[in-house]
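1. After the sequence you'll find the predicted model.
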Protein chains: 2
Amino acid sequence: MTNKTLIFKKAPANALQIPVAGEHLVIEDRPWDATAPPPPGGITIEILWASYDLYLRAKMRDPEVESFVPAYPLNGPVTNDAVARVLKSDSPDYKAGDLIQGYFPLAEYATLDKDALTSFLSSGGGKIQNPHGLKDLGLFLGPLGMPGLSAWCGLYELGKPKAGETILISSASGAVGQVVGQVAKLEGLKVIGSVGGDDKLDFILNELKFDGGFNYKKEKPADALKRLAPKGIDIYFDNVGGEHIDAALESMNQWGRVVLCGMASQYKLEPEERYGVKNLLLALAKRISLRPFLVFDEGFGPAYTKDHQAKMQKWLADGSIQAKLAVTDGIDNAANGLIAAFQGKNFGKAVLKIKD
Amino acid sequence: MTNKTLIFKKAPANALQIPVAGEHLVIEDRPWDATAPPPPGGITIEILWASYDLYLRAKMRDPEVESFVPAYPLNGPVTNDAVARVLKSDSPDYKAGDLIQGYFPLAEYATLDKDALTSFLSSGGGKIQNPHGLKDLGLFLGPLGMPGLSAWCGLYELGKPKAGETILISSASGAVGQVVGQVAKLEGLKVIGSVGGDDKLDFILNELKFDGGFNYKKEKPADALKRLAPKGIDIYFDNVGGEHIDAALESMNQWGRVVLCGMASQYKLEPEERYGVKNLLLALAKRISLRPFLVFDEGFGPAYTKDHQAKMQKWLADGSIQAKLAVTDGIDNAANGLIAAFQGKNFGKAVLKIKD
């Protein structure tokens, strides 16, 4: 029996190159003994859903090159946040059938020995609690996973939303943005989204019911804000960087907050090609703070996990919040789905469904 | 008897024009009855020292033009933070000889009626406490006044200095910068200053004993930081904006703090002429916050006044902290001194000494 696995086969030539399926990322059959017992003190799992995230691209490199995340070992599996089901257990803490979430290979099966179980827990993994019986386990990688928690802790810890205020969100239909906007709506804010396509604009306006939106490829953010937020914005949840920051600073009211969550428009540029933000003077005059965070930072994700899970599960169950997932179906398509995500072709949170 | 007073006579043609003495700013003899009793419930004062601040320029405009501060009324006195002595009092709270600090006209004499005394107190004015018997009353407008309090609350509230860290300060010999640097030294930080002249560089290195410094007119900030802070900086106390922010973001260590206190290099530029900051991407990657403040903001000056006065008076008395004042002598020179400050010709905190 085999275990189809997404393998990091070869580093792309440079940081900008999109990996090629079959060359850099390859599906391989790895040997698998389905009859073997679980490792002593450990568990055997089948992976059900896995998350596709842009930061994985940074791990696909020569390990000699420094970066903010460790490189994937060559010829090893691509690993990421995933949902799995316990098949066999030699651990007193798990039993067959348990659903768990953690950092697993993008493969059909895996084992976690006793040490791996310990580091699995210490890195935020654990059993999935699903009190409302949510059927779509992909949700645990979207609004209930890292993107949802990022949205949640960034909005509450740095955005400090108050009913009646106005928030601008860039990449508003993305995995983080769609959560920020819907939570902000529930908190009583006026929500304006920036997106990069008319289908996405239609989605945030007509499905997510945002109060306003614009396609930044058709309208300059500064112009759109004059039209959509004539009284100014109070929070800018930034996923793209660049020109949007200038526009937000211009539109912003006194005491505004810029939450720096991502800078999709700037990552791939050489330093001298980056957009130059000219409106920091307005940040001083209007006392607008610009504050970055990563979901794993102390005081951010870890501090908000419980609140996030409890409220978000309820809101997903009762329909207060919707989630748009971009699902790649089957381990055979794992490389192509991930590459499409790197190319920004997904609409909604990109996930791989290996099995139900 | 007359009361020589600095009068705002005419608004300069535009925001960039430097006022002209005798045209926009004029010393006038205003009538003064030295024998009159104090106003009912009020006091009569003689003004001793007054502060020269750059933001006063913004008050010298047509009141129809919006700005962050109210315009001076035409033909009225120029007013600002000042130190005065009570000459006569009909208030139970003051007696002749009391030293007070508040917002007064740049003149020889003034009266404060009962209402004026109330607003004087509510805007932070009050009797000067001088337990260490500091002789130079100009200090109460420098390290013990608004610039010193700005330095203090910005450094502590946003800079969050920790012994062993490295701080960069721009306009390091200025009224705010010289205090930030000396307090940071006392807190055990490595202090690097940026200044705009070799005399100022000599001052911060040889008199204030900063650990490093550079003349930004001769060396690019990014190059200077590579040379002076090869292990990176942790705090950037910004008084100038522009290129210094990019250099600081490049040099900064993880969790760095940029304290936005002033942007002297950017104020007078048209929006499109402003420097474009390209390194906000690094703020995200290194989790560097950029946070502005004004000394009057809640949680800033008012929250730190007591601590600032107590420690700074002690440090000035025991020589731990030095102050460089740029003193204009006499009310007759009041216009020229203020204009020189607008032109950046002062070296140290600019003040007007009317009498001792």
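-> Okay, I see it. Numbers count the residues shown, from 1 in each chain, chains lettered A, B, ... in the order given.

2. The residue in chain A that chain B sits nearest to and residue A:338, how far apart?
-> Going by CB to the nearest CB, chain B is nearest to residue A:276 of chain A, at 1.7 Å. Bear in mind the C-beta positions are built from the backbone N, C-alpha and C, glycine included. In this view, residue A:276 and residue A:338 are 33 Å apart by CB to CB, to the nearest Å.

3. Of those two, give the one with the bigger neighbour count.
-> Taking neighbours as other CB atoms under 10 Å in any protein chain shown, residue A:276 and residue A:338 compare with residue A:338 leading, 27 against 16.

4. Tell me if the more buried one really is in a helix.
-> Yes - judged by DSSP: H, G, I helix; E, B strand; the rest coil, residue A:338 forms part of a helix.

5. thinking again about what came up before, ok, the residue of chain A closest to chain B touching residue B:279?
-> No - using CB atoms under 8 Å, residue A:276 is not in contact with residue B:279, being 9.5 Å away.

6. per-residue pLDDT, the residue of chain A closest to chain B?
-> With respect to pLDDT, residue A:276 has a value of 96.

7. got a list of what the residue lying closest to it once chain neighbours are set aside touches?
-> Closest residue in space to residue A:276, ignoring its immediate chain neighbours: residue B:276 at 1.7 Å, by CB to CB, 6 or more residues apart in numbering or on different chains. Residues near residue B:276 by CB atoms under 8 Å, 6 or more residues apart in numbering or on different chains: A:275-278.

8. one more time with 10 Å
-> The contact partners of residue B:276, taken as CB atoms under 10 Å, 6 or more residues apart in numbering or on different chains, are A:246, A:274-280, B:242-243, B:246.

9. can I get those residues in CSV with secondary structure and distance to residue B:164?
-> As requested, these are exported to CSV (DSSP: H, G, I helix; E, B strand; the rest coil; distance: CB to CB, whole Å):
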residue, secondary structure, distance to residue B:164
A:246, helix, 36
A:274, coil, 32
A:275, coil, 35
A:276, coil, 33
A:277, strand, 31
A:278, coil, 35
A:279, coil, 34
A:280, helix, 29
B:242, coil, 29
B:243, helix, 27
B:246, helix, 25
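
10. By neighbour count, which of those wins?
-> residue A:280 (28 neighbours).

11. just checking, that one touches residue B:291?
-> No - counting by CB atoms under 10 Å, residue A:280 does not reach residue B:291; the two are 11.5 Å apart.

12. can you list residues touching both of these two?
-> Counting by CB under 10 Å, 6+ apart, the contacts common to residue A:280 and residue B:291 are A:288, A:290, B:258, B:260.

13. Which residues of the stretch 251-356 of chain A lie near chain B?
-> Within the stretch 251-356 of chain A, the residues that sit near chain B (CB under 10 Å from any CB of the partner chain) are A:254-255, A:258, A:260-263, A:265-267, A:269, A:271-294, A:297, A:300.

14. Please repeat the previous calculation with a cut-off of 8 Å.
-> A:260-263, A:266-267, A:271-272, A:274-281, A:283-285, A:287-294, A:297 (CB under 8 Å from any CB of the partner chain).

15. Filter those residues down to just the ones in strands.
-> Among these, the members found in strands (DSSP state E) are A:260, A:289-292.

16. Now residue A:224: which helix or strand?
-> If you go by DSSP states H and E, residue A:224 is part of helix A:221-228.

17. mind listing what's buried in that helix?
-> Using 16 or more other CB atoms under 10 Å in any protein chain shown as the test for burial, helix A:221-228 gives A:221-222, A:224-225, A:228.

18. again, but for stretch A:301-319
-> By neighbour count on 16+ other CB under 10 Å, the buried set for stretch A:301-319 is A:301, A:304, A:308-309, A:312-313, A:315-316.

19. Run through who's touching that stretch.
-> Contacts of stretch A:301-319 (CB under 8 Å, 6+ apart): A:124, A:129-134, A:139, A:143-144, A:146, A:148-150, A:152-153, A:156-157, A:179, A:182, A:186, A:295-296, A:320-321, A:323.

20. So what's the residue count around residue A:255?
-> 12.

21. if I look at the residue lying closest to it once chain neighbours are set aside, how far off is residue B:169?
-> Distances taken as CB to CB, 6+ apart place residue A:287 nearest to residue A:255, at 5.6 Å, with adjacent residues excluded. From residue A:287 across to residue B:169, the span is 21 Å (CB to CB).

22. Looking at those two, which is more packed in?
-> The residue with more neighbours, out of residue A:287 and residue B:169, is residue B:169; 34 against 18, by other CB under 10 Å.

23. Show me which strand runs longest in chain A.
-> Max-length strand for chain A by DSSP E is strand A:79-89.

24. List the strands paired with the helix or strand following it, with their directions.
-> Remark: after strand A:79-89, the chain's next helix or strand is strand A:99-105, criterion DSSP H and E. Applying DSSP bridges to the sheet, strand A:99-105 is found paired with strand A:79-89 (antiparallel), strand A:126-127 (antiparallel).

25. For the most centrally placed residue in chain A, which non-adjacent residue is spatially closest?
-> Closest to where the C-alpha atoms of chain A average out (CA atoms, centre = their mean) is residue A:147, at 3.4 Å. Distances taken as CB to CB, 6+ apart place residue A:175 nearest to residue A:147, at 3.6 Å, with adjacent residues excluded.

26. For the one you found, which residues are in contact?
-> A:142, A:147-148, A:348-350.

27. Count the neighbours of residue A:4 for me.
-> By the criterion of other CB under 10 Å, residue A:4 has 19 neighbours.

28. Now do the contacts for it.
-> Contact analysis of residue A:4 by CB under 8 Å, 6+ apart lists A:27-30, A:107-108, A:331-332.

29. Now with 7 Å, please.
-> A:27, A:29, A:107-108, A:331-332 (CB atoms under 7 Å, 6 or more residues apart in numbering or on different chains).

30. where does it fall, helix, sheet strand or coil?
-> strand.

31. burial measure for the closest residue to it other than its chain neighbours, as a count.
-> Using CB to CB, 6+ apart and skipping residues adjacent in sequence, the residue nearest residue A:4 is residue A:331, 4.5 Å away. As a burial measure, residue A:331 scores 22 neighbours (other CB under 10 Å).

32. Show me the helices in chain A, by range?
-> Here chain A has its helices, by DSSP state H, at A:56-59, A:114-122, A:146-153, A:177-186, A:198-202, A:221-228, A:243-251, A:280-286, A:301-317, A:334-342.

33. Any chance of TSV for these, columns mean pLDDT?
-> Below are the helices of chain A laid out as TSV (pLDDT from 0 to 100):
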stretch	mean pLDDT
helix A:56-59	92
helix A:114-122	90
helix A:146-153	96
helix A:177-186	98
helix A:198-202	97
helix A:221-228	98
helix A:243-251	98
helix A:280-286	95
helix A:301-317	96
helix A:334-342	97
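
34. So which of those helices is nearest residue B:86?
-> With CB to CB as the measure, helix A:280-286 is the member of the helices of chain A nearest residue B:86 (36.6 Å).
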